[in-house]
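Engineer: Return atomic coordinates for the entry below.
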Amino acid sequence: MRRSPAALAGIVILAVLAVVAVLSYLGMLPYDPIAQHPPSRFLGPSGAHLFGTDQFGRDVFSRVAAGVGNSALIAVVAVAFATVVGTLGGLVSGFYRGFADGAIGGVTNVLFAFPPLLLALSLASVLNRNWFTIAVAIAIVYVPIFIRVTRGPVLSLREIEYVRAAVSTGQSRWQIMLRHVLPNITSIIVVQVALSLSWAVLTEASLSFLGLGTPPPHRHSVR
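Structural biologist: Have a look, this model is predicted:
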């Protein structure tokens with residue numbers, strides 16, 4: 001990575017965003033992001049207000065930092081849920097085959113039939129709006145992706161010699177899947193998690209733009 005300027009730049013940007021998100025949750029922002037102060041309207045960037053103030057006198061930097069924390073929380077929860085459910089679904093579908101494969105594959109195909117943003121939009125409009133339900137709506141969109149990504153390698157690994165040897169020793173299917181199959185597809189899952197985190201942030205931003213994001217005012221642990 002030290003030989004790749006683009007990789008280093010990406011790491012620095014991610015580190016800065018992570019620090020901003022953590023500060024937002026710890027209540028260490030310079031100002032309350034939803035507190036209004038009319039005498040300080042439309043101030044330009046300065047040492048007191050790094051990004052200036054808006055029409056209500058609210059500190060723009062604090063509001064941006066709170067937004068980063070909110071988006072990070074939704075993306076992490078959504079992708080974590082999709083990773084667990086989708087990976088387990090892909091393992092069962094690829095290893096058991098038969099009825100389980102058909103049932104999981106049918107649900108996956110139904111979810112894939114809807115455009116991702118339209119599906120997330122539909123779910124977010126039905127559910128009671130808060131950050132957790134938005135995360136669940138986004139997670140449901142990405143579950144079938146993890147199922148498909150996991151199922152393919154599992155179909156190949158179930159025929160490998162060491163898996164057959166594990167079967168011959170009397171190990172249960174779940175033991176084989178968790179001890180011998182899952183560790184060998186971890187790298188694929190990690191790559192998909194990295195991609196899904198960025199897509200989840202974009203999806204959450206799209207929902208917010210359409211008025212179905214986390215409803216304002218939304219406050220974390222701020223002073």
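Engineer: C-alpha from now on. contacts and neighbour counts both.
Structural biologist: Will do.
Engineer: residues contacting residue 192?
Structural biologist: If a contact means C-alpha atoms under 8 Å, 6 or more residues apart in numbering, then residue 192 has 146, 149 as its contacts.
Engineer: Look at it and report its pLDDT.
Structural biologist: The per-residue pLDDT reported for residue 192 equals 96.
Engineer: swap in residue 222?
Structural biologist: Per-residue pLDDT puts residue 222 at 37.
Engineer: Likewise for residue 70?
Structural biologist: pLDDT, residue 70: 90.
Engineer: How about the one 4 residues further on?
Structural biologist: We have a pLDDT of 93 for residue 74.
Engineer: just residue 218 next, same as before
Structural biologist: Note for residue 218: predicted pLDDT of 60.
Engineer: Torsion angles phi and psi at residue 50?
Structural biologist: phi -60, psi -40 (degrees, to the nearest 10).
Engineer: How about it: what's its closest non-neighbour residue?
Structural biologist: Closest residue to residue 50 apart from its sequence neighbours, by C-alpha to C-alpha, 6 or more residues apart in numbering: residue 61 at 6.1 Å.
Engineer: With residue 16 as the reference, measure out to that neighbour.
Structural biologist: According to C-alpha to C-alpha, to the nearest Å, residue 61 and residue 16 sit 14 Å apart.
Engineer: Who has more neighbours out of these two?
Structural biologist: A count of neighbours by other C-alpha atoms under 10 Å puts residue 61 above the other of residue 61 and residue 16, at 19 against 12.
Engineer: Wait, that one touches residue 46, no?
Structural biologist: No: contact between residue 61 and residue 46 fails when scored by C-alpha atoms under 8 Å: they sit 10.9 Å apart.
Engineer: hey, what's in contact with both of these two?
Structural biologist: Residues touching both residue 61 and residue 46 (C-alpha under 8 Å, 6+ apart): residue 52.
Engineer: For residue 24, which non-adjacent residue is closest in space?
Structural biologist: Distances taken as C-alpha to C-alpha, 6+ apart place residue 66 nearest to residue 24, at 5.5 Å, with adjacent residues excluded.
Engineer: name the element that neighbour belongs to?
Structural biologist: Residue 66 belongs to helix 60-96 when assigned by DSSP states H and E.
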